[in-house]
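Asker: My questions concern the predicted model and sequence given below.
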Amino acid sequence: MVRITEIKLLDKMLLIGAPGIGKTKVLKQLAKQEAENMKKKFVDISEYTTIPDELLNDIKSNPEDYYLFLRVASTHIQPDEINALAIKEGFADLLPFRKLYLFTIPNVYGVLFIDELPNAMDEQMSLLFSIIDEKEFSWGFSLSKNVKVVAAGNPADWSRVANTLPEPLRSKLSIINVDPPTIDEWAEYMDKEFLGQWNRIVYVYLKFSQGDFIRKPDSDTEPYPCPRSWSRLALYLKDVDKAQMTPFDEEYVRGTVGSSVATKFLSFLREDVTEKDFEKVQRNPEAFFDFNVGKQFLFLYLLSTNSPNEIMKYSGLLEVLSSRSPDMLILFFKIMDRKKRVELLTKNKDKLLRIIDYIKDAI
């Protein structure tokens, strides 16, 4: 399998992967990038309840200037919602609804993304088969030849409502099984979308306990950890002090990543790193390795929140980490605010020259 972050945007492709790993976000990002490369206006049709007349008319007049994206869940598509009956000059005719009509305009580019495909019922599946296979629907309406049709869904062992796709449809699709992103890729996404708005201690915990990044629910009623739930938790914890968490804060953690993982996460947050620990490491950097692993991770996180001048008091620790635990050194710089990291390395270039040379490819 490949990671969701390694896929290419191809026509008639079905992505199968666990829920919450970012399939929709990655597909939209790839579509946006393709639009930029083609120098076209990217429009996410999903963001509109009703398409404004001005936008509709401009796309009709200049279709080659546009790249459209629409995500729709297969279970939301009903045959009688594809087009409407119109009467003109005594005859009955069919007209496609606005959002779908945009994708039928000749020369327009775009991606029609059908999510949760394996969850579709029989009557929905027969309609979707025609859209995916022939890019046609109803009485002869066709999608623009420049529109890619991409689908996604969850594997059967992750979804109780996933159905087996019909053999003819499977023969028309390239079925790509995808894994979640790496924890570092997840953190990069969080910085790109929510810079300064999320609590990086979540990233530190995930590096400490990587098996908790995604795992199946412990029961049919339990929430479970996945990239999407960790994103939600990291945003919630932005202004929550780990030392002053309320009962509701703790219950929110349980209700977001499940009881067993929440217990480990909360225990990690409660790890006690004292002022004496910092004084001890400042005097003797090797004392850092006397801490248990959880405390080491938390120590580095707390140190990363200090000012560059304060961090430089622990330059001896950074030197020791570069030789004894390079991964810890890289983690320390990754969890640091980017602006602070640049200031620290720029102002202390001479003192940290060996460390800079060591980490430059990883950061």
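Answerer: Received the coordinates, thanks.

Asker: Could you list the low-pLDDT ranges of the chain?
Answerer: 76-96, 121-127, 138-140, 160-163, 358, 361-363 (pLDDT under 70).

Asker: and the longest helix for it?
Answerer: When the chain is parsed with DSSP state H, its longest helix is helix 23-37.

Asker: So which other helices or strands are in contact with the helix or strand following that one?
Answerer: Counting by DSSP states H and E, the next helix or strand C-terminal to helix 23-37 is strand 41-44. Applying 3 or more CB pairs under 8 Å, 6 or more residues apart in numbering; DSSP states H and E, we find strand 41-44 packed against helix 23-37, strand 66-73. Backbone N, C-alpha and C define where each C-beta goes, glycine included.

Asker: what comes up buried for strand 41-44?
Answerer: F42, V43 (16 or more other CB atoms under 10 Å).

Asker: That strand pairs with which strands?
Answerer: If you go by DSSP bridges, strand 41-44 pairs up with strand 66-73 (parallel).

Asker: Name the nearest residue to T50, sequence neighbours excluded.
Answerer: Distance criterion CB to CB, 6 or more residues apart in numbering; nearest residue to T50, sequence neighbours excluded, is R98 at 7.2 Å.

Asker: Just give the number of residues close to that neighbour.
Answerer: 15 (other CB atoms under 10 Å).

Asker: Look up how far D53 lies from it.
Answerer: The spacing between R98 and D53, counted by CB to CB, to the nearest Å, is 10 Å.

Asker: L206 too?
Answerer: Taken as CB to CB, the span from L206 to D53 is 47 Å.

Asker: again, but for P285
Answerer: For P285 relative to D53 (CB to CB), the value is 67 Å.

Asker: Pick out whichever of these two has more residues nearby.
Answerer: Between P285 and D53, P285 has the larger neighbour count (other CB under 10 Å), namely 18 against 9.

Asker: Show the contacting residues for the more buried one.
Answerer: Y314, G316, L317, E319, V320 (CB atoms under 8 Å, 6 or more residues apart in numbering).

Asker: T182 touches R3, doesn't it?
Answerer: Yes - proximity of T182 to R3 meets the contact threshold set by CB atoms under 8 Å, at 6.9 Å.

Asker: So between the two, which is more surrounded?
Answerer: R3 (16 against 13).

Asker: burial of E47, as a residue count?
Answerer: 9.

Asker: Correct me if wrong, but A152 is in a strand.
Answerer: Yes - with DSSP: H, G, I helix; E, B strand; the rest coil as the criterion, A152 is part of a strand.

Asker: Next one: it from S231, what distance?
Answerer: 18 Å.

Asker: Those two - which one has more neighbours?
Answerer: For A152 versus S231, neighbours defined as other CB under 10 Å are more numerous around A152 (25 against 21).

Asker: what sits against the closest residue to L269 other than its chain neighbours?
Answerer: Distance criterion CB to CB, 6+ apart; nearest residue to L269, sequence neighbours excluded, is K242 at 4.4 Å. For K242, the contacting residues are I201, L269, R270, by CB under 8 Å, 6+ apart.

Asker: Emit the ChimeraX select command for whichever of those are buried.
Answerer: Here is the ChimeraX command that selects the buried residues among the contacts of K242 (16+ other CB under 10 Å):
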select :201,269
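
Asker: Tell me which of the contacts of K242 fall in helices.
Answerer: I201, L269.

Asker: from the helices and strands packed on strand 41-44, which stretch is densest packed?
Answerer: Highest mean neighbour count of those: strand 66-73, a mean of 21 (counted as mean count of other CB atoms under 10 Å).

Asker: just the angle between that one and helix 23-37, please?
Answerer: 170 degrees (axes from the mean of the first three to the mean of the last three CA atoms, to 10 degrees).
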